[in-house]
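*Asks:* what follows is a protein structure lacking sequence information:
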C-alpha cells in the first residue's frame with residue numbers, strides 16, 4: 001500500500017476505528033470512539049449517527065472500496081464508494097454521474113441552484129487538497145537545486161527593490177524598476193518547467209506553464225486583467241498533411257461545428273502566473289510560498305480540464321461547471337461558487353500553509 005496516499009491512510013484509520021467502535025463494551029468507550037470517527041472521517045460519522053449504518057458493515061465495505069481504489073474517480077471519497085450500489089460490480093474505470101444534475105442543466109435551471117448541487121459531487125475536495133499539496137512538495141523535493149536558486153534570486157530581488165518599493169497596495173505601480181526582475185523570473189521558470197514536466201508525466205497531459213512579468217507584456221493574456229494567474233483551454237485537431245485540400249477542409253469544418261466534443265480533439269492548457277502582482281503583494285519571506293501556491297492553483301484548473309477524473313470534480317461536474325462559469329470581474333459571488341475555483345483555491349491555501357508551516 002502506498003504510504004503517501006493520504007486518502008488510503010484516512011480510510012484505514014477509519015476502518016480500525018469502526019471495528020473498535022463495534023467491539024466497545026461501554027458507552028464511554030463508544031462516545032470516545034465516535035468522537036474520533038467524527039474527527040477523522042465526517043462522512044463515516046454521518047452514516048453511523050444519521051443513517052444507522054452498522055459499523056462492521058461499513059468497515060467491510062470500506063475495505064472493499066480500498067481494494068478497488070485504482071478505479072475510483074477522485075471526486076468520489078472512499079466512504080462514498082463504499083456505500084455505492086455499484087461497489088460489487090466495479091471491474092474497471094467509471095465516472096460518477098448525477099441524474100438530477102443532468103436534468104437540471106437540460107432544463108436550464110438557474111446557475112446558482114446548479115452550483116449548490118455541485119457540493120454533493122465535490123465532497124472529497126478537502127482531503128484531496130491535502131494529497132495534492134503533499135504531491136507538490138514531493139515534486140519540489142526532487143528539484144531542491146532549482147528551489148534554492150529561485151529563493152536566492154528572491155533575496156536579491158527584494159534587496160534591489162528596497163529603495164523603489166511602494167508600501168501601499170492601492171498604489172500598485174505598473175512597473176517597478178528592478179535589475180533582478182529578469183533573473184528571478186528566469187529562475188522560477190526553470191523550476192516551473194521541471195514541476196510541470198513531472199506533473200504532466202504523472203497525469204498524461206500537456207500544459208504550457210510560465211511565470212510572466214505582467215499582463216501587458218505577456219505572450220498570453222487573461223480576459224480579467226486583475227487576476228494573479230489564469231488557465232486557458234486550447235482545442236486543436238491534427239491530420240496527415242498529405243491529405244487532399246478538400247479532405248482537410250472537411251475535417252476542419254466538422255471540428256469547428258463542435259470542437260469541444262469532436263472525437264479527435266486534442267486538449268492542451270496554457271497557464272500563466274503574474275509575477276509583478278504577486279511580488280508586490282507579498283512579504284519577501286512569503287514570495288516563494290505565494291508563487292508556488294498560485295502556480296498549483298492554475299495547474300489544477302488545467303488538470304480539471306485535461307483529466308477531470310483525476311481532479312476533484314469528475315467529468316460531469318467539470319463539463320457543467322464550464323458551461324456556467326463566470327469571471328471574477330463579472331460576478332464575484334458566482335466565481336467563488338464555481339466547482340473548479342473551490343477546488344483550486346482549497347489546493348492553493350493548503351499548499352501555502354503546508355509550505356509555510358514546515359518552513360520548506
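*Replies:* Cool, the structure landed. None of these values were measured; they are calculated from a predicted model.
*Asks:* quick one: name whatever helix or strand follows the helix or strand of the chain with the lowest mean pLDDT.
*Replies:* Ranked by mean pLDDT, DSSP states H and E, the weakest helix or strand in the chain is helix 245-257, scoring a mean of 86. As assigned by DSSP states H and E, the chain's next helix or strand after helix 245-257 is strand 266-274.
*Asks:* in the next helix or strand after that following strand, what's buried?
*Replies:* Beyond strand 266-274 in the direction of the C-terminus, DSSP H and E gives the next helix or strand as helix 275-281. Neighbour-count burial for helix 275-281 flags 275-280 (criterion: 16 or more other CB atoms under 10 Å). Quick note: C-beta positions are derived from backbone N, CA and C, even for glycine.
*Asks:* over to stretch 181-192?
*Replies:* Here stretch 181-192 shows 181, 183-185, 187-189, 191-192 as buried, counting by 16+ other CB under 10 Å.
*Asks:* residue 315: which of those is nearest?
*Replies:* In terms of CB to CB, no member of the buried residues of stretch 181-192 lies closer to residue 315 than residue 192, at 27.2 Å.
*Asks:* and residue 49, how many neighbours?
*Replies:* As a burial measure, residue 49 scores 12 neighbours (other CB atoms under 10 Å).
*Asks:* so it is in which element?
*Replies:* Using DSSP H and E, residue 49 sits within helix 42-50.
*Asks:* pull out the buried positions in that helix.
*Replies:* Buried, per 16+ other CB under 10 Å, within helix 42-50: 43-45, 47-48.
*Asks:* and what of stretch 50-59?
*Replies:* For stretch 50-59, by 16+ other CB under 10 Å, it's 53, 55, 58-59.
*Asks:* show me where the stretch 101-250 of the chain has strands.
*Replies:* With DSSP state E, counting those that start in this stretch as the criterion, the stretch 101-250 of the chain has strands at 207-212, 229-236.
*Asks:* want to try TSV for those strands, with distance to residue 7 as columns?
*Replies:* Below are the strands of the stretch 101-250 of the chain laid out as TSV (distance: least, CB to CB, whole Å):
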stretch	distance to residue 7
strand 207-212	24
strand 229-236	25
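*Asks:* quick check on the nearest residue to residue 115 once chain neighbours are set aside: phi, psi?
*Replies:* Closest residue to residue 115 apart from its sequence neighbours, by CB to CB, 6 or more residues apart in numbering: residue 337 at 4.5 Å. Torsion angles at residue 337 (phi, psi; degrees, to the nearest 10) stand at phi -90, psi 0.
*Asks:* give me the neighbour count for residue 337.
*Replies:* For residue 337, the neighbour count with other CB under 10 Å is 20.
*Asks:* surely it meets residue 114?
*Replies:* No. Using CB atoms under 8 Å, residue 337 is not in contact with residue 114, being 9.7 Å away.
*Asks:* past the helix holding residue 49, which element shows up next along the chain?
*Replies:* Next element after helix 42-50 (DSSP H and E): helix 55-67.
*Asks:* helix 42-50 and that next one, what's the angle between them?
*Replies:* Going by axes from the mean of the first three to the mean of the last three CA atoms, to 10 degrees, helix 55-67 is angled at 160 degrees with respect to helix 42-50.
*Asks:* now helix 55-67, how far from the centre of its chain.
*Replies:* Chain-centre distance of helix 55-67: 27 Å, with CA atoms, centre = their mean, to the nearest Å.
*Asks:* so which elements touch it?
*Replies:* helix 6-23, helix 42-50, helix 78-82 (3 or more CB pairs under 8 Å, 6 or more residues apart in numbering; DSSP states H and E).
*Asks:* just name the most buried of those helices.
*Replies:* helix 78-82 (a mean of 24; mean count of other CB atoms under 10 Å).
*Asks:* the helix or strand harbouring residue 304: what's the following helix or strand?
*Replies:* Using DSSP H and E, residue 304 falls within helix 287-306. For helix 287-306, the succeeding helix or strand toward the C-terminus, using DSSP H and E, is helix 315-324.
*Asks:* buried residues in that following helix?
*Replies:* In helix 315-324, counting by 16+ other CB under 10 Å, buried: 315-318, 320-322, 324.
*Asks:* who's in contact with the nearest residue to residue 243 once chain neighbours are set aside?
*Replies:* In this structure, residue 243 finds its nearest non-sequential neighbour in residue 251, 7.6 Å apart by CB to CB, 6+ apart. With contacts defined as CB atoms under 8 Å, 6 or more residues apart in numbering, the neighbours of residue 251 are 237, 239, 243.
*Asks:* ditto for residue 94
*Replies:* 71, 73, 86.
*Asks:* with that, I have no additional questions.
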